[in-house]
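*Asks:* Okay, predicted coordinates and the sequence, questions at the end:
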Amino acid sequence: MTSRRNYARRYVWFVVPAAFAVVATILFPWLFTIYVSAFDWRLGGAREWVGFANYTKLFTDERFGWAMLRTLIYTAMAVVFPLILGLAAALVFNQKFPLRGLARTVFILPMMATPVAVALVWTMMFHPQLGVLNWLLAQVGIPPSMWVYSPDTVIPTLVVVEVWHWTPLVMLLILGGLASLPGDPYEAAKIDGATPLQCFWHITLPLLAPYIVVALIIRTIDALKAFDTIYVITQGGPGSASETINIFLYLQAFAFYNVGYASAVVVVFFAIILALAALLMWTRQRVRV
Amino acid sequence: MQGITRRGTVLGTLAAPMVVERVGAQSAFDWRRFRGERIEVSVQLSPRGNLLTQHNREFEELTGIRAGVEVVPEQQHRQKIIIEYASGRPSFDVGEVSLHVNKRQVGRARWNTDIRALIADQTLTAPDFDFNDFGQGMREYATQADGRMDTLPAFADYFILYYNKELLAARNVAVPTNFDEMFDSAKRIEDRGRQIYGHVGRGLKNANVVLWSSYLLGTTQRDMINAERQLITDTDDAIWATRQYQRFLRDASPPGSIGFNWNECQTTFMQGRAAMWIDGIGFAAPLEDPQRSRVAGKVGYAVVPRGPANHHCALFGAGYGIPEASRKKGPAWLYLQWALGKQMQTRMLAAGAGVPARLSPFTNEEVIGQSRFPREFFATLQASGRIARAGLPEILPVTEFRDVIGTALTNTIGGADPVAEMRAATAAFKPILERSERET
């Protein structure tokens, strides 16, 4: 017992640098954010202690509510579509065919582009009169779309950009899973006369489930955090039609300088992300079992 | 008591030139007084900012001071400087302040030094600085309510009417002088089959408020807050302005205008797809660039049409200030004198980069004659100067104002009722304004 205590005492100093880094870069900013959220504070103005008032204001703020709803809708679409398309692409790229390596490389190119550059290129393509997308639609006799320039189509259009950008990542994750699948179950299924669809449904999908859940967790967290593409393309508009929580937060903090209120948004949003991540992790454990 | 010693005499003789130089420095202005120092300058990305970076070497050779010029896009720059000022240790010694957005905020917090003392100091101010050369209006615009002048006015931005001469001539349409004429002309020119529209304007929330204010300035009310500093954006005049905004953007502009900021408007106009566009004069330069614009040489310039009661154009502007926390106020002041001196301001006018705050460039016939802009451009600029009026209220939460009112305006493009929208927006912003007024 004594020797264990001595051992701990001797090596405790080795932990100090890491502990200091964690406190300085993670714990302190968090505690400070929570502290600031208890103030009514506009940058350049006086600070007034308001306790939980910023939190109660959040739950009566209609704009926050709409932003939250939009975030959830956007996230749901920006997770489901890349998962379906990424799975399909992985199944295709798992087959052997000529120029497969080149095709894989081309497929993952969008993922390598920086979000702001991607957003700028798409913005030009979305222009209702001068953009290439409406020109292409016109070539096949389809009437032009307003893309991000209409409150009705802005969220699905932004999801298109997200899907284009991040489906390759999902494909890579699932492709890794496919490469590690054992061959025996397929051989047994073949002997038993299973069709390819039955093989996929009863063997591939269950075995891939842990990889799909990992992709789901990564995509969900990424989609919830989406800011750069939305800000560059629409700045939350038209009106507030694409104002997600991150855009709302950015406006409160850096356009209106409501530092206290913005901190409360951060705390609540972080709690939501944490809850979602915990749920997904729990699902992952279940899938493993 | 110790008398004159031999050592004292020798030291005194050796030190004499330095003392004389120092005395001279105190009595006469010297551009090279701070040679060897380094300052940081933070300005917005714009044709004005580009001019400063292009000619930076000239300042460095003149003064021996090294100037690091940081150029940041407009919106991000506004946020960056406020956060840096609030930190108490801004990284820059000269900063650009958008007077129509941040003037009151910067003034209330006393983040910038009062430059009147620097102007009065003859050892720090060049004899040919000529403060009176800055227009009276711009000097007042850069002065805080308490009389402090914490920025030196740099440029004004007037809203003007750009029009496509070819499109107007094709339909035998005259340059409109009021908004009804303008709307009728826009509808006559419109050819949706060919994607030609009579008008283009800002629809994006926040950015669109300055177009709406161009209509409001023509009413009896003119302003957005009254003398008691109360919000008046749901009055008959404000509703009239909103209806104007709605009909121009909804009925006479390209589909999708709801998401257009100035850059989409500029692109549409440059491609010859829109006949008329009301926006800042600072956006003129690319229109006359034949490499980028299909309407180069065909652009007409006119003052904003007259409203039912008044005739004004929206005025915006910026000044350059020196942070109170800067330890290099002297070198920074020399930079201001150079950056906003007669030569640089004349360059600004010649390049079509904005409206200089000084008056002398406008009398420089040589520059005007050699400019790629037509005389009509300069005439519009001077005429706009005579009718200019602040395009945004001088309040602290001006960005929030633009956001709330801008959202209501955007909704009207989608077909929402202007009365209901403006009433709701006014009710939403009223408490924010009242609170900020209580704090000041």
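*Replies:* Here it is on my side, so go on.

*Asks:* Longest helix in chain A, please.
*Replies:* Secondary structure of chain A per DSSP state H: the longest helix is helix A:62-93.

*Asks:* List the buried residues for that one?
*Replies:* For helix A:62-93, a neighbour-count test (16 or more other CB atoms under 10 Å in any protein chain shown) marks A:63-64, A:67-68, A:70-72, A:74-75, A:77-79, A:81-83, A:85-87, A:89-91, A:93 as buried. Glycine gets a C-beta too; all of them are placed from N, C-alpha and C.

*Asks:* So what's the residue count around residue 185?
*Replies:* Looking at chain A here, since you left the chain open. By other CB atoms under 10 Å in any protein chain shown, the residues close to A:Pro185 number 16.

*Asks:* meant chain B, my bad for not saying
*Replies:* Here the number of neighbours of B:Ser185 (other CB under 10 Å) works out to 23.

*Asks:* Nearest spatial neighbour of it, chain-adjacent residues omitted?
*Replies:* B:Val173 (4.5 Å; CB to CB, 6 or more residues apart in numbering or on different chains).

*Asks:* can you check B:Leu62 too?
*Replies:* In this structure, B:Leu62 finds its nearest non-sequential neighbour in B:Trp31, 5.3 Å apart by CB to CB, 6+ apart.

*Asks:* Contact partners for B:Ile368?
*Replies:* B:Leu349, B:Phe362, B:Arg375, B:Phe378 (CB atoms under 8 Å, 6 or more residues apart in numbering or on different chains).

*Asks:* One more: B:Gly95?
*Replies:* B:Val41, B:Ser42, B:Val43, B:Ile81, B:Tyr85, B:Asn112, B:Tyr320, B:Gly321, B:Ile322, B:Pro323.

*Asks:* And chain A, is stretch B:73-82 touching that?
*Replies:* Yes: residues of stretch B:73-82 contacting chain A under CB under 8 Å from any CB of the partner chain: B:Gln79, B:Ile82.

*Asks:* The residue nearest to B:Ser185 in helix, strand or coil?
*Replies:* Following DSSP: H, G, I helix; E, B strand; the rest coil, we place B:Val173 in the coil state.

*Asks:* follow-up on the earlier one: if you rank the contacts of B:Gly95 by neighbours, which is first?
*Replies:* B:Gly321 (30 neighbours).

*Asks:* Quick check: the gap between it and A:Met112.
*Replies:* B:Gly321 is 42 Å from A:Met112, where distance means CB to CB, to the nearest Å.

*Asks:* neighbours around the closest residue to B:Ala274 other than its chain neighbours, how many?
*Replies:* Nearest residue to B:Ala274, sequence neighbours excluded (CB to CB, 6+ apart): B:Val200, at 3.7 Å. Residues near B:Val200, counting by other CB under 10 Å, number 29.

*Asks:* dump the residue contacts of the residue nearest to B:Leu62.
*Replies:* Here B:Trp31 is in contact with B:Leu62, B:Thr63, B:Ala126, B:Leu334 (CB under 8 Å, 6+ apart).

*Asks:* Model confidence for the nearest residue to A:Leu172 once chain neighbours are set aside, exactly?
*Replies:* Spatial nearest neighbour of A:Leu172, excluding adjacent residues (CB to CB, 6+ apart): A:Ile108 at 6.6 Å. We note a pLDDT of 93 for A:Ile108 in this prediction.

*Asks:* residues contacting A:Ile108?
*Replies:* Applying CB under 8 Å, 6+ apart to A:Ile108 gives the contacts A:Pro168, A:Met171, A:Leu172.
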